[in-house]
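*Asks:* I'd like to go over a predicted model; first the sequence, then the structure.
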Amino acid sequence: MLTCVLLISAGIACAAESVTQQPKTAPAYLTFELWFLYLLAAFLVLVGAMGIYIHHLNRRLRQSSTQYRTLTQTMVEVVWTLDTDTLRFSYVSPSVQKLRGYTPAEVMAVGIEAALAPQQRQKVCALIAKRASDLRAGTLESDNVFVNELEQPRKDGGSVWTEVVTHYCIDRHSGKVEIHGVTRDISERRRNEAALAQTLQHLERAESEERQLLSMASHEFRTPAAMIKASLDSLSILKDRIPPEVAQRLENIGLASLRLTKLANNLISNDRLQELVLTHTKKSIELKQLVHEVVSQYPTQDALRVQLPEYPVLFNADATLLDIALHNLIDNALRYHATPDTPICISLKKCSDATGQWVELQVADQGPGIADDEKEKIFQRFYSSKGGANDGLGLSIVHFVARAHNGTATVIDNTPRGSAFVIRLLETNPLQPN
């Protein structure tokens, strides 16, 4: 175009120069003919340049069209455009035939209802109308993008699940709202999701059966362990006539039976905890009464000293879960309490700090104590500070119950020796599932 302008300018300049060089006596018609010839030549040059430029544009357009056609014919996704007023497709890429079995012409000859499953037609059409209205009203952003999963019918009578990505826009020329969309096949993904869900269901069923078997076995363990303990208690009256080496073996048997009983109780408590945390029942309970009920279940009540406040201690909690936690703390204290003449102290009180009102339940023993680097680890499941001498479940259950009540479970040093396990429960917070 620049060349064309330059040529026209040069032609006009030459014509003007020729006219000025003509003799003043030259006829006027000769001057007019020269001007006409130069303008005609300039016009022809302009037409030729415009023709060359248009040819170049057409060639580029054909190349772009070929590239676009190749792209739409080879891509797996279906590209389409929909008129929201008529609910008919104005363009559908050829890949729709591979997806649904219909040709683009067949799809564009019918409305969008034919491209949807019967149970989805009314909902999708209403959604299109609402989004188009929102776009016209200015309440829908111009860069909107929506992703939906739809079931679409196939020509062979079947159906295919698709993911549809859509963008709503207003055509600059017609002023109509159009939908530009891309549809892809997600049948394999949905099959994988269904297979995964079925696998998870099988795993949950297997885990439930395993827990039931473990619970039954734990119950069965407790009966022979209790019989062994009762027999050893009966033999204690004959301790003066039992040889020392036999007495030592009987003591070892007694310790083993106690450990077996404790392990069975913890397994049962853990199984009950898994069920209760999903079906917990929270209500206002009197914690002083709960402590008394738990302590009364121990035959060695003389080894336990209870310190309770005079005022009532009401708390919104699951009584069964707190019962399990307190049992585990007392059992743990009895196992490691090394001073027979000093009882284990169980205390309950209310306290407050910057975070709110708290209820604090503490079980303190006079045992060997716990090293600082193990005070957090002991609440981990199956962790034992004694290198395998313990089952490692009791304190993890205590931590689990405290977390379920949005509280904390910690251990501190007791005075003059031993450890004090503390459960702190926030009064203002409701029971939370873990």
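*Replies:* Perfect, I can see it now. Numbering: from 1, shown residues only.
*Asks:* what's the following helix or strand after the host helix or strand of residue 62?
*Replies:* Residue 62 is part of helix 28-74 when elements are defined by DSSP states H and E. On the C-terminal side of helix 28-74, the nearest following helix or strand under DSSP H and E is strand 78-83.
*Asks:* mind listing the strands that next one pairs with, and their directions?
*Replies:* Strand 78-83 has these partner strands in its sheet, going by DSSP bridges: strand 88-92 (antiparallel), strand 177-185 (antiparallel).
*Asks:* redo those strands as TSV? Include mean neighbour count.
*Replies:* Using the backbone N, CA and C atoms, a C-beta is placed for each residue, glycine as well. Converted to TSV, the strands paired with strand 78-83 look like this (neighbours: other CB atoms under 10 Å):
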stretch	mean neighbour count
strand 88-92	18
strand 177-185	19
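*Asks:* I'd like those laid out as CSV, including distance to residue 138 and mean pLDDT.
*Replies:* Shown next, in CSV, are those (distance: least, CB to CB, whole Å; pLDDT from 0 to 100):
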stretch, distance to residue 138, mean pLDDT
strand 88-92, 24, 94
strand 177-185, 12, 94
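*Asks:* which one of the ones you listed lies closest to residue 162?
*Replies:* Residue 162 lies closest to strand 177-185 among these, at 4.9 Å (CB to CB).
*Asks:* next SSE downstream of that closest one?
*Replies:* helix 187-235.
*Asks:* report the rounded mean pLDDT for that next one.
*Replies:* Helix 187-235 comes out with an average pLDDT of 77.
*Asks:* who does that helix touch, helix- and strand-wise?
*Replies:* Under the contact definition 3 or more CB pairs under 8 Å, 6 or more residues apart in numbering; DSSP states H and E, helix 187-235 sits against strand 159-170, helix 244-276.
*Asks:* weakest of those in terms of mean pLDDT?
*Replies:* helix 244-276 (a mean of 69).
*Asks:* beyond that one, next helix or strand please.
*Replies:* Next along the chain after helix 244-276, with elements defined by DSSP H and E, is strand 283-286.
*Asks:* sheet partners, orientation included, of that next one?
*Replies:* Going by DSSP bridges, the partners of strand 283-286 are strand 314-317 (antiparallel).
*Asks:* and the partner strand, which residues are buried?
*Replies:* 315, 317 (16 or more other CB atoms under 10 Å).
*Asks:* off-centre distance for it?
*Replies:* 31 Å (CA atoms, centre = their mean, to the nearest Å).
*Asks:* which helix or strand lies directly C-terminal to it?
*Replies:* Downstream of strand 314-317 (by DSSP H and E), the next one is helix 319-336.
*Asks:* for that following helix, packing partners?
*Replies:* helix 244-276, strand 283-286, helix 287-295, strand 344-353, strand 356-364, helix 394-404, strand 419-426.
*Asks:* can you show me the CA trace of the fifth one as CSV?
*Replies:* What it means is strand 356-364. Extracted in CSV, the C-alpha atoms of strand 356-364 (Å, rounded to 0.1, in the frame of the first residue of the first chain):
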residue,chain,number,x,y,z
GLY,A,356,-11.4,-18.9,78.0
GLN,A,357,-12.8,-21.1,80.8
TRP,A,358,-11.3,-24.5,81.2
VAL,A,359,-12.1,-27.7,83.0
GLU,A,360,-8.9,-29.5,84.1
LEU,A,361,-8.8,-33.2,85.0
GLN,A,362,-5.5,-34.4,86.5
VAL,A,363,-4.1,-37.8,87.4
ALA,A,364,-0.7,-37.6,89.3
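*Asks:* what's the angle between it and strand 419-426?
*Replies:* On the basis of axes from the mean of the first three to the mean of the last three CA atoms, to 10 degrees, strand 356-364 is oriented at 160 degrees to strand 419-426.
*Asks:* packing partners of strand 356-364?
*Replies:* Using 3+ CB pairs under 8 Å, 6+ apart: strand 356-364 touches helix 287-295, helix 319-336, strand 344-353, strand 419-426.
*Asks:* and for the last one?
*Replies:* Using 3+ CB pairs under 8 Å, 6+ apart as the contact criterion, the elements in contact with strand 419-426 are helix 319-336, strand 356-364, helix 394-404, strand 408-413.
*Asks:* in that strand, what's buried?
*Replies:* For strand 419-426, by 16+ other CB under 10 Å, it's 419, 420, 421, 422, 423, 424, 425, 426.
*Asks:* same check, this time on the fourth one
*Replies:* If you call a residue buried by 16+ other CB under 10 Å, then strand 344-353 has these buried ones: 344, 345, 346, 347, 348.
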